[in-house]
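A.B. asks: what follows is a predicted protein model with its sequence.
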Amino acid sequence: MSQESAIWPQGMPPEKSALLLKLFTILDDSSDDSGQRLADQVFTSDGRIKNGTHVFSGTVEIAGSRKRAWDAWSTRKHSVLRVYSRSQEAADDILFLGSLAATFPNGRSATGEFCARIIFGFSEAQETRIKSFEVWADATPFVTATMKD
């Protein structure tokens, strides 16, 4: 997860920026337990992930969301470019721009940008978690890279 050049809104609570970075670190990890770590460490028990037509709601679905996630990818590296919030008081609902660089089993690679919205909430233990994560992206560079000649 790259964030060296990310632009964050003034007053962004450090626990929220750390959680955003943890989210992408786990999404970029092909370990078998990555889905369970998302469910246990990142999302609320009623959390929701929506990426295109893929929707995962609640602990069980989020824990299982990564089972086939690496079927089409060899490597993935997300980068946060810029994070926006309506105000310092509204840092519980953010939009951000990011990029994803990936390689595929066929040896090709691609990079594309995405936009996402995160709504923060709290775990049962009152720890900051993500309640909703919705992503919008143009998959064309990735689809093109996986196509056969």
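C.D. replies: Thanks, I have it. Residues are numbered from 1 along each chain as shown.

A.B. asks: only C-alpha atoms for contact and neighbour calcs from this point on.
C.D. replies: OK.

A.B. asks: distance from the one helix or strand D46 maps to to the middle of the chain?
C.D. replies: For D46, the element it lies in under DSSP states H and E is strand 43-51. Put simply, strand 43-51 sits 11 Å off its chain's centre (Cα atoms, centre = their mean, to the nearest Å).

A.B. asks: got it, and stretch 55-75?
C.D. replies: Worked out by Cα atoms, centre = their mean, stretch 55-75 lies 11 Å from the chain centre.

A.B. asks: flag every buried residue along that stretch.
C.D. replies: F56, S57, G58, T59, E61, I62, A63, G64, S65, R66, W70, W73 (16 or more other Cα atoms under 10 Å).

A.B. asks: just the ones of the residues you listed in strands?
C.D. replies: Among the buried residues of stretch 55-75, DSSP state E puts F56, S57 in strands.

A.B. asks: out of the buried residues of stretch 55-75, which one sits closest to A139?
C.D. replies: Ranked by distance to A139 (Cα to Cα), the buried residues of stretch 55-75 are led by W73 at 13.2 Å.

A.B. asks: contact partners of the helix ranked longest in the chain?
C.D. replies: Using DSSP state H, we find that the single longest helix of the chain is helix 14-27. Helix 14-27 is contacted by residues M1, Q3, S34, R37, L38, V42, H78, F120, T128, R129, I130 when judged by Cα atoms under 8 Å, 6 or more residues apart in numbering.

A.B. asks: can you give me the helices for this structure?
C.D. replies: Under DSSP H, the chain gives helices at 14-27, 34-37, 58-64, 140-146.

A.B. asks: which one of those is the most hemmed in?
C.D. replies: The highest mean neighbour count among those, using mean count of other Cα atoms under 10 Å, belongs to helix 34-37: a mean of 21.

A.B. asks: that one: how far from the chain's middle?
C.D. replies: Relative to its chain's centre, helix 34-37 lies at 13 Å (Cα atoms, centre = their mean).
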